[in-house]
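1. Pasting the sequence and the predicted coordinates here, then a few questions.
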Amino acid sequence: MRNIRPRFVATVLAVLALVAACSGAPEQQAAGHNEQDVRFAQEMIPHHSQAVDMAKLVPTRAADPAVKALATRIEQAQAPEIEQLRGWLSRWGAPAEAPGHGGHHAMAGMMTGEDMRALEQARGTEFDRLWLTMMIKHHEGAVEMARAEVAGGSDPEAKALAQRIIETQQAEIDEMRAKLPQG
C-alpha cells in the first residue's frame, strides 16, 4: 500500500508537468503571424473588393473581348482570396477592418469615388482605355502591398499569397500595358 501513494503522487505530478508544458502551444501557434500579416489582410480585403467591383463593370461596358476575359480572370482569382484573407483575420482574432481606415482610397492603387463614377459612365473603347489604365494603377498598388508582406510578414500562408499576388498581378500589368494604345 505504501508504494501506491508515491506512485500516485508521481503520476499526478507528471500529468501536471505535461499539462503545463502543453499550455504554451496555443500561444505559439497564435504567434505564427505578426502585425504586418494582419495589416496585409486588412488592407488587401478592400483592395481586392474594389478590383472585383471594377471587374463587374466590364461585361456591360467593354468593347474588347480580351478586356472582358481579363476582368473575368481577375474576379475569379480575387473573390476567393478575399474569403481566405477574412478567414485568417478571424483565426488571428483581428478585426476585418484596420482601425482608422475609413478612407480606403489612400491605400496604394485605390480608386477614388470620382474615379469609380467616371469608370461607371464610360462605354466602349473609352471604357477599355480607362479600365486598363485604372486597373494597372490598382494592380501596382497591390504589388506594393504584397511586397511589404513578403518583406515583413511572418505567416507562411500570408507570405505565399503575397508572392502569388506579386507574380500574377505583375503579369497582368504587363498584359494590360500591351493592350493600351501607345502614344
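-> Nice, thanks for sending it over.
2. count of residues packed around residue 109?
-> 21 (other Cβ atoms under 10 Å). For glycine as for every other residue, the C-beta is placed from the backbone atoms N, C-alpha and C.
3. my hunch is that it is in a helix, does that hold up?
-> No: with DSSP: H, G, I helix; E, B strand; the rest coil as the criterion, residue 109 is located in coil rather than a helix.
4. Domain boundaries for this protein, per the record?
-> Taking automatic domain parsing as the criterion, the chain consists of the domains 1-31, 32-179.
5. out of these, deepest packed?
-> Most buried of the domains of the chain, by mean neighbour count (mean count of other Cβ atoms under 10 Å): domain 32-179, with a mean of 17.
6. export the domains of the chain to JSON lines and tack on mean pLDDT?
-> Formatted as JSON lines, the domains of the chain follow (pLDDT from 0 to 100):
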{"stretch": "domain 1-31", "mean pLDDT": "49"}
{"stretch": "domain 32-179", "mean pLDDT": "94"}
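7. where's residue 126 relative to residue 63, distance?
-> Separation of residue 126 from residue 63 (Cβ to Cβ, to the nearest Å) stands at 9 Å.
8. do the same with residue 176
-> Remark: distance between residue 176 and residue 63 (Cβ to Cβ) = 15 Å.
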